[in-house]
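Undergrad: Next one to model:
(one chain, ligands or ions: 1)
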Amino acid sequence: MDSGALWQDLGWQPDTLQARSFERLYALVLAGNTRLNLTRITGREEFWEKHLFDSLRGLAAFQDQKEPSLIDIGTGAGFPGLPIAIAHPDWYVVLVDSVRKKIAFVLSTIQALGLTNAQALTGRAEDLAHRREHRESYDLAVLRAVAQANVCAEYALPFVKLGGAAVLYRGNWEVQEEVELARACRALGGEIVEVDAFELPVSRAVRHCVVIRKTGPGLRVFPRPAGLPTQHPLGAIEGAPRVESEEPEEP
Ligand SMILES: C[S@@+](CC[C@H](N)C(=O)[O-])C[C@H]1O[C@@H](n2cnc3c(N)ncnc32)[C@H](O)[C@@H]1O
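TA: Below is the predicted model:
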């Protein structure tokens, strides 16, 4: 499948500069992979589908939003944040990861691509979300393959402005996950407003994008100190088996 056909599914086409940036991003990730083990997705077609297309498809519902600020929590090698920053030059994108060497890679990539609308920070979501400059400061938060859905909500919602949204990029989506996420959202001032199910255009792999609207301020104690959200996930049903749905990416 050529990349032009891939973008048709999104109703969007990159211009010449954006197409060049995607090519360059692919080359930089391949080069970085030899040192840093960034991703197992290295084939060209798979990279286009599972890193570029998937990153943008998750935000299809927000495509026409004007100049939002967005935080990508647990960005790894820069996904979905870097493709979003390339596709939307008028958006302001902050990419966060707790692993310094990953953020060093993302920073060097931002520089190599000349992206003036993106910046990257090393830190844990649990710490950064309590800093005044980040608290309830973003229109959108995105997380792909970071943690269980209810844990992702605890990381994300404290960063989001009232009326903004967190978008969780998921593989499979189980009823139990949705129940636990809804319970967590009640404490965090969020409400699940959409579960967008789709297939990737080439591999037909199943994806779900879960949109949580920020409807209230949530409690100041969230997110809890580093490690607690994963050890004691909010909204978890006592005695129920832990759901680990298939993640879109396992670097
Ligand atoms: C499986 S990788 C996914 C990377 C990328 N989002 C993707 O889809 O390709 C998960 C990333 O989340 C980061 N991460 C996990 N928990 C985090 C936290 N509490 N705060 C910041 N980053 C975190 C990890 O360091 C890792 O790079």
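
Undergrad: Which parts of this structure are helices?
TA: With helices called from DSSP state H, the chain shows them at 3-8, 16-36, 44-46, 54-57, 81-87, 100-113, 125-128, 149-156, 175-188, 228-231.

Undergrad: Turn the ones you listed into TSV, columns for mean neighbour count and mean pLDDT.
TA: The way it works is simple: take the backbone N, C-alpha and C, and place the C-beta from them, glycine included. What follows is the helices of the chain, written out as TSV (neighbours: other CB atoms under 10 Å; pLDDT from 0 to 100):
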stretch	mean neighbour count	mean pLDDT
helix 3-8	14	80
helix 16-36	15	96
helix 44-46	13	95
helix 54-57	22	97
helix 81-87	25	98
helix 100-113	18	98
helix 125-128	21	98
helix 149-156	28	98
helix 175-188	19	96
helix 228-231	15	97
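
Undergrad: Which among these is found nearest to the ligand?
TA: Set against the ligand and scored by CB to the nearest ligand atom, the helices of the chain come closest in helix 125-128, at 3.9 Å.

Undergrad: With the ligand in mind, check whether the closest one reaches it.
TA: Yes - counting by CB under 6 Å from any ligand atom, the ligand has neighbours in helix 125-128: 125-126.

Undergrad: change the start of the numbering to 6 and stick with it
TA: From this message on, residue numbering opens at 6, which makes the last subject helix 130-133.

Undergrad: Which strands or helices does that helix pack on?
TA: In this structure, helix 130-133 makes packing contacts with helix 154-161, judged by 3 or more CB pairs under 8 Å, 6 or more residues apart in numbering; DSSP states H and E.

Undergrad: wait, V99 sits on S142?
TA: No - counting by CB atoms under 8 Å, V99 does not reach S142; the two are 9.1 Å apart.

Undergrad: joint contacts of those two?
TA: Taking CB atoms under 8 Å, 6 or more residues apart in numbering as the criterion, V99 and S142 both touch S74.

Undergrad: hang on, F110 packs against T39?
TA: No - judged on CB under 8 Å, F110 makes no contact with T39 at a distance of 11.7 Å.

Undergrad: picking that back up, comparing V99 and S142, which residue is more hemmed in?
TA: Applying other CB atoms under 10 Å to V99 and S142 shows that V99 carries more neighbours, namely 22 against 17.

Undergrad: give me every residue that touches that one.
TA: Counting by CB under 8 Å, 6+ apart, V99 makes contact with 74-77, 86, 123-126, 143.

Undergrad: how about the helices of the chain in a markdown table, adding distance to L205?
TA: Converted to a markdown table, the helices of the chain look like this (distance: least, CB to CB, whole Å):
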| stretch | distance to L205 |
| --- | --- |
| helix 8-13 | 9 |
| helix 21-41 | 17 |
| helix 49-51 | 10 |
| helix 59-62 | 6 |
| helix 86-92 | 14 |
| helix 105-118 | 23 |
| helix 130-133 | 27 |
| helix 154-161 | 20 |
| helix 180-193 | 20 |
| helix 233-236 | 28 |
